[in-house]
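Undergrad: fold the following and give me the result.
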Amino acid sequence: MLQRDWIIVSNERLTEQVWQMSLAGDTTDFKAGQFVEVEVPDFFLRRPISVCNAKEGLLTLIYKVVGGGTKRMTEMKKGEKVSLLAPLGNGYNLCKSGDRPLLTGGGVGVPPLYMLARCLREQGKQVKVVLGFNTGCEVFYENAFKSLGCEVELVTMDGSYGLKGVVTDYLNDDYSYYYACGPKPMLTAVIKKLGVEGEVSMEERMGCGFGVCMGCSIETTNGAKRVCKDGPVFESRLIVERS
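TA: This next block holds a predicted model:
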């Protein structure tokens, strides 16, 4: 982990609430599934944001406006310096993917799957991607995944775009391995639905982002683990279902 200054290349709206920020800097050490802590002007705590892509000196972050901090991020301009703690956490294990991995994500759980898909496609894997959103106006990155050569299915809860329902309605065990990222109820449902092994990226509120404050601890079959330090990616078999 290093604290580094990055330069904003662009900061653009993708949907009504979702934005994409691209930054220039050293992307050498980044792995799919990791995250960064962004220093936001006028706010004490940094904001944890998943890495969407990191390649050839360009870091892409996608974030949803959910409060004052992320709202302030939308006001950050091209050319400004941004301090990041990066890279943080443990990423996905690409060695377990097999020849036909499944990637499934919901909402802002979609972005970290993009770099994972890119890396798997660069290894020659046949990648199936199933993405879920509430409604059609919230859909983003469909064409980005398709441009990688992935097989892509879109699911919306209201049926306004793609298939109607939730992602688990369209998942099966016809894959070598799976990777999932999204809200906790979705991850629980995915783990229940799929019999094959896989990995899930957990979401929790974070304070420090590097394992000191213990604020993001979750229960696993191996005891309490910190999402920021021990995760955010965990083998699905370790996740304890919450009632």
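Undergrad: Thr135 contacts Val155, correct?
TA: No - the criterion here is C-beta atoms under 8 Å, and Thr135 misses it with Val155 at 11.1 Å. Where you see a C-beta, it was placed from the backbone N, CA and C, and this is true even at glycine.
Undergrad: more neighbours, those two?
TA: Val155 (23 against 12; other C-beta atoms under 10 Å).
Undergrad: identify the residues contacting the more buried one.
TA: By C-beta atoms under 8 Å, 6 or more residues apart in numbering, the contact set of Val155 is 130-133, 162-167, 169-170.
Undergrad: give me the low-pLDDT residue ranges for the chain?
TA: The chain contains residues with pLDDT under 70 at 1, 242-243.
Undergrad: make it 50
TA: Scanning the chain for pLDDT under 50 picks out 243.
Undergrad: which stretches of it form helices?
TA: 68-73, 111-122, 142-147, 184-193 (DSSP state H).
Undergrad: still on that earlier bit, strands - which of the contacts of Val155 land there?
TA: Of the positions in the contacts of Val155, 130-133, 163-164 sit in strands, assigned by DSSP state E.
Undergrad: put the buried members of these into a ChimeraX selection.
TA: Of the ones in strands among the contacts of Val155, the buried ones go into a single ChimeraX selection, burial set by 16 or more other C-beta atoms under 10 Å:
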select :130,131,132,133
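Undergrad: minimum distance to Leu88: which of the helices of the chain has it?
TA: Leu88 lies closest to helix 111-122 among those, at 12.3 Å (C-beta to C-beta).
Undergrad: list of residues touching that closest one?
TA: Looking at what lies outside helix 111-122 - C-beta under 8 Å, 6+ apart - the contacts are 30, 32-33, 35, 50-55, 60-62, 92, 94, 97, 101, 103-105, 127, 129, 141, 144-145, 148-150, 179, 181, 201.
Undergrad: ok, of those, which come out buried?
TA: For these, a burial check counting by 16+ other C-beta under 10 Å picks out 30, 32-33, 35, 50-54, 60-62, 92, 94, 97, 101, 103-105, 127, 129, 141, 144-145, 148, 150, 179, 181, 201.
Undergrad: out of the residues you listed, name the ones that lie in strands.
TA: Those of these lying in strands (DSSP E): 35, 50-54, 60-62, 101, 103-105, 129, 179, 181, 201.
Undergrad: can you put the helices of the chain in a markdown table and add distance to Glu12?
TA: Below are the helices of the chain laid out as a markdown table (distance: least, C-beta to C-beta, whole Å):
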| stretch | distance to Glu12 |
| --- | --- |
| helix 68-73 | 12 |
| helix 111-122 | 14 |
| helix 142-147 | 14 |
| helix 184-193 | 27 |
